[in-house]
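> Model the following, please.
(one chain, ligands or ions: 1)
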Amino acid sequence: MIDLYTWSTPNGRKISILLEELEVSYKVIPVDINKDEHKKDYYKKIAPSIKIPAIVDNETGLKIFESGSILFYLAKKYRKFINKKKEWETHSWLMYQMSEIGPMLGQAHHFLYYNPGKSKYADDRFKKRAINIYSIIEKKLQNNKYLLDEYSIVDIAIWPWIARYERQKIEIDKFPNIIQWFKRIAQRPAVQKGYNVVGKKESIPLS
Ligand SMILES: N[C@@H](CCC(=O)N[C@@H](CS)C(=O)NCC(=O)O)C(=O)O
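Coordinates of the predicted model:
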């Protein structure tokens with residue numbers, strides 16, 4: 001049994017989607033970041049980063065934080081959603097998601113959606129970075145159903161961030177490959193289930 005500490009955010013959803021895909025039994029422990037529940041002492045012992053998501057694997061006793069690390073751990077443990085022949089390409093794309101896609105699109109949410117007009121410099125910077133990210137993904141999906149041939153943890157890591165394209169002020173019609181890929185993944189029952197395991201129910205866009 002896996003304990004999943006999470007909230008209804010793109011990083012949190014990555015893990016509940018993968019756990020649903022793996023059909024592993026898991027328990028959701030809500031950590032409402034809007035109420036600072038991630039700052040409680042008990043949680044800092046699980047995630048010293050003081051961020052969601054985190055897991056505790058009760059089988060091994062391991063505590064794991066950072067969503068990319070959790071995705072790798074679970075995919076390796078259950079030998080699914082990671083193509084052995086493409087393990088290092090999986091690493092590269094996952095690192096790109098963790099170091100660029102998540103942080104930059106997160107900043108886009110802060111400036112373009114929650115605080116538009118507060119800083120023209122930041123608005124311009126993060127809009128440009130967001131468009132750049134979408135252009136890279138769009139190109140990677142040219143003639144490909146999934147980012148690495150087969151559906152993998154790379155799709156699972158990126159997809160919940162694309163679900164927030166409206167907050168990032170992205171004109172999604174300019175990215176037809178992304179739309180097709182997004183809809184393809186949105187149809188998966190595990191994705192639909194894993195999208196709403198905690199917090200207020202949200203509908204999946206574009207579906
Ligand atoms: N790199 C981390 C980022 C985690 C992260 O930023 N989590 C956000 C929610 S998506 C959070 O806990 N925010 C609360 C805070 O920063 O105080 C990961 O991918 O796990």
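
> buried stuff in the helix of greatest length in the chain?
With secondary structure taken from DSSP state H, the chain has its longest helix at helix 120-140. Buried residues in helix 120-140, counted by 16 or more other CB atoms under 10 Å: 122-123, 126-127, 129-131, 133-134, 137-138, 140. All C-beta spots, glycine's among them, are computed from the backbone N, C-alpha and C.

> So which other helices or strands are in contact with that helix?
helix 102-108, helix 176-186 (3 or more CB pairs under 8 Å, 6 or more residues apart in numbering; DSSP states H and E).

> mind listing what's buried in the following helix or strand past the last one?
Going back to what we said before, that points to helix 176-186. Going down the chain from helix 176-186, the next helix or strand is helix 189-195, by DSSP states H and E. Neighbour counts over helix 189-195 (16+ other CB under 10 Å) mark 190-191, 194-195 as buried.

> Tell me the helices and strands packed up against helix 189-195.
Checked by 3+ CB pairs under 8 Å, 6+ apart, helix 189-195 has helix 10-22 packed alongside it.

> Show which residues not belonging to the helix it packs on make contact with it.
2, 4, 6, 26, 28, 51-53, 55, 67, 70-71, 74-75, 78, 80-81, 102, 105, 153, 156-157, 159-161, 163-164, 188-191, 193-195, 197-198 (CB atoms under 8 Å, 6 or more residues apart in numbering).

> isn't residue 127 right next to residue 169, touching?
Yes - if you go by CB atoms under 8 Å, residue 127 and residue 169 touch, sitting 6.1 Å apart.

> quick revisit: keep the contacts of helix 10-22, but drop any that are not near the ligand.
For the ligand, the contacts drawn from those by CB under 6 Å from any ligand atom are 51-53, 67, 102.

> Next step: these restricted to helices.
Per DSSP H, those map to helices at 67, 102.

> Going by neighbour count, which of the ones next to the ligand among the contacts of helix 10-22 comes out on top?
residue 67 (29 neighbours; other CB atoms under 10 Å).

> May I have the residues that are in contact with that residue?
Applying CB under 8 Å, 6+ apart, the residues contacting residue 67 are 11-12, 14-15, 53, 98, 102, 157.
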